[in-house]
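K.L.:
the sequence and its predicted three-dimensional model are supplied below.
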Amino acid sequence: MRHYLSTLVGLVLLSLVLAATAQSQLDEDKKMITAVRQFYGSAAAQRTHGWREMVNQVQSQQISEREVLSRVNIFFNRLRFIDDIKLWGKDDYWATPLEFLGAGGGDCEDFSLAKYFTLRELGVADDKLRMVYVKALDLNQFHMVVAYYPTPAAVPFILDNLEGTIRLATERSDLAPIYSFNGQHLWLMRERGQGELAGQASRLSLWNELRGRLDVKRLQKPRINLDY
């Protein structure tokens, strides 16, 4: 009887903790949506609400990491591509996910970074993810994608705003990797797999500057707005 009561009390306490955590997350989501509405407008708030709704749905379901990748990729690939100079008035600006959603579009770095931060929030380990700078050979221009490594030695899957389907890196002969990074490390890419460790991600000034702006209170105004 005592064991039964102890188990019951434990389950009740666990339920209370989970409920409090869920409520805390909803409160944070509301703060984000409110801040985006005040800063960017109602259409931006709707996009942000859709993002938080997608995140919460994925967190409540028991699905594979590959399915998580697919949902995140599909969600963000619906946004529009636009050059930094036109949107932010800078040659190279890495937007936070809220700035990306607020403006309604961005360039390849913004797509990739929004996917990376969302996947991290959804529990995908940092050592399975990298942002990869590549040369898009068909376009003859530099480009950024997200790579997902199911295991450390695996050929990664590529999440790309130019390609709706998530495919293995070995199937993307149109991309020539240059370097990659995640939250901790920086690699020089000498193959379509791991690459050579070249130091800490903190060597990248744009990465450091971006991480300093992740606070919702530090949203930036774009030069134009792509509400749709």
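P.N.:
Done, it's in. Residues are numbered from 1 along each chain as shown.

K.L.:
count of residues packed around residue 224?
P.N.:
13 (other CB atoms under 10 Å). Every residue, glycine included, has its C-beta placed from N, CA and C.

K.L.:
distance-wise, check it relative to residue 185.
P.N.:
Taking CB to CB, to the nearest Å as the measure, residue 224 falls 35 Å from residue 185.

K.L.:
same check, this time on residue 140
P.N.:
For residue 140 relative to residue 185 (CB to CB), the value is 29 Å.

K.L.:
in terms of neighbours, single out the busier of the two.
P.N.:
residue 185 (18 against 7).

K.L.:
give the closest residue to residue 219 in space, chain neighbours not counted.
P.N.:
residue 39 (5.0 Å; CB to CB, 6 or more residues apart in numbering).

K.L.:
can you give me the strands for this structure?
P.N.:
80-81, 105-106, 129-136, 141-148, 157-160, 163-168, 175-181, 185-188, 196-200 (DSSP state E).

K.L.:
where does the protein have its least confident helix or strand?
P.N.:
Every helix and strand of the chain was ranked by mean pLDDT, DSSP states H and E. The lowest is strand 196-200, at a mean of 54.

K.L.:
centroid-nearest residue for this protein?
P.N.:
Centroid-nearest residue in the chain, with CA atoms, centre = their mean: residue 115, separated by 2.4 Å.

K.L.:
okay, the spatially closest residue to residue 223 that is not a sequence neighbour and residue 221: tell me how far apart.
P.N.:
Distances taken as CB to CB, 6+ apart place residue 89 nearest to residue 223, at 5.0 Å, with adjacent residues excluded. Computed as CB to CB, the residue 89 to residue 221 distance reads 10 Å.

K.L.:
next: residue 80.
P.N.:
18 Å.

K.L.:
can you check residue 184 too?
P.N.:
Applying CB to CB, the value for residue 184 to residue 221 is 31 Å.

K.L.:
before we move on, what about residue 127?
P.N.:
From residue 127 to residue 221 the distance is 35 Å (CB to CB).

K.L.:
same question for residue 75.
P.N.:
Distance from residue 75 to residue 221, counting by CB to CB: 24 Å.

K.L.:
between those two, which has more neighbouring residues?
P.N.:
Between residue 75 and residue 221, counting by other CB under 10 Å, residue 75 is the more crowded of the two (19 against 12).

K.L.:
what's the more buried one in contact with, if anything?
P.N.:
Contact partners of residue 75, counting by CB atoms under 8 Å, 6 or more residues apart in numbering, are 50, 51, 54, 118.

K.L.:
count of residues packed around the residue nearest to residue 45 when sequence neighbours are not counted?
P.N.:
Spatially, and ignoring its direct neighbours in sequence, residue 45 is nearest to residue 37 (3.6 Å; CB to CB, 6+ apart). Residue 37 has 17 neighbouring residues, counting by other CB under 10 Å.
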